[in-house]
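**Q** sequence unavailable; structure follows:
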């Protein structure tokens with residue numbers, strides 16, 4: 001069955017960096033877009049970034065442009081989100097998801113990981 005497993009979250013100081021990973025299995029990874037989403041307490045789930053299956057097209061939310069970088073390794077069925085210059089407002093549970101449409105809309109994604117907590121605090 002389809003599985004997405006996020007890792008790499010944690011506690012980091014403002015201005016610091018984290019690299020999230022999303023390990024995928026159970027589907028033909030390179031045929032599907034990968035999206036990263038986040039959800040803070042009391043807020044709606046927000047699209048952060050997405051990447052196409054094989055031609056490297058990427059999109060970013062305005063709030064993370066220039067700070068976050070999405071990438072993927074199709075040979076190893078893994079996607080990444082490099083997060084630099086982190087701010088307290090980046091604190092959230094981060095999820096990876098997969099689907100056939102390259103968007104930042106959660107409802108376009110078919111399968112989801114369980115999430116990893118990112119906390120930015122001094």
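**A** Ah, there it is. What you are looking at is a predicted structure, and each value in this text was computed from that prediction instead of being measured. Numbering: from 1, shown residues only.

**Q** for this protein, give me the ranges with low pLDDT.
**A** Residues of the chain meeting the criterion pLDDT under 70: none.

**Q** so what's the residue lying closest to residue 3 once chain neighbours are set aside up against?
**A** Leaving out its chain neighbours, the residue that sits closest to residue 3 by Cβ to Cβ, 6 or more residues apart in numbering is residue 25, at 4.8 Å. (Each C-beta comes from the backbone N, C-alpha and C, glycine too.) Contact partners of residue 25, counting by Cβ atoms under 8 Å, 6 or more residues apart in numbering, are 2, 3, 77.

**Q** surely the last one touches residue 29?
**A** Yes: the pair residue 77 / residue 29 is scored as a contact, 4.3 Å apart, by Cβ atoms under 8 Å.

**Q** between those two, who's got more neighbours?
**A** More crowded of residue 77 and residue 29, by other Cβ atoms under 10 Å: residue 29, with 21 against 17.

**Q** contact partners for the more buried one?
**A** Neighbour list for residue 29: 53, 72, 74, 77 [criterion: Cβ under 8 Å, 6+ apart].

**Q** now the strands: where do they sit in the protein?
**A** 3-7, 10-12, 18-25, 33-39, 46-51, 58-60, 68-73, 78-83, 92-99, 111-112, 116-120 (DSSP state E).

**Q** so which of those is nearest residue 105?
**A** strand 46-51 (6.4 Å; Cβ to Cβ).

**Q** about what we covered before: adding distance to residue 105, write the strands of the chain out as a markdown table.
**A** Output for the strands of the chain, formatted as a markdown table (distance: least, Cβ to Cβ, whole Å):
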| stretch | distance to residue 105 |
| --- | --- |
| strand 3-7 | 17 |
| strand 10-12 | 28 |
| strand 18-25 | 18 |
| strand 33-39 | 9 |
| strand 46-51 | 6 |
| strand 58-60 | 11 |
| strand 68-73 | 16 |
| strand 78-83 | 18 |
| strand 92-99 | 9 |
| strand 111-112 | 13 |
| strand 116-120 | 21 |
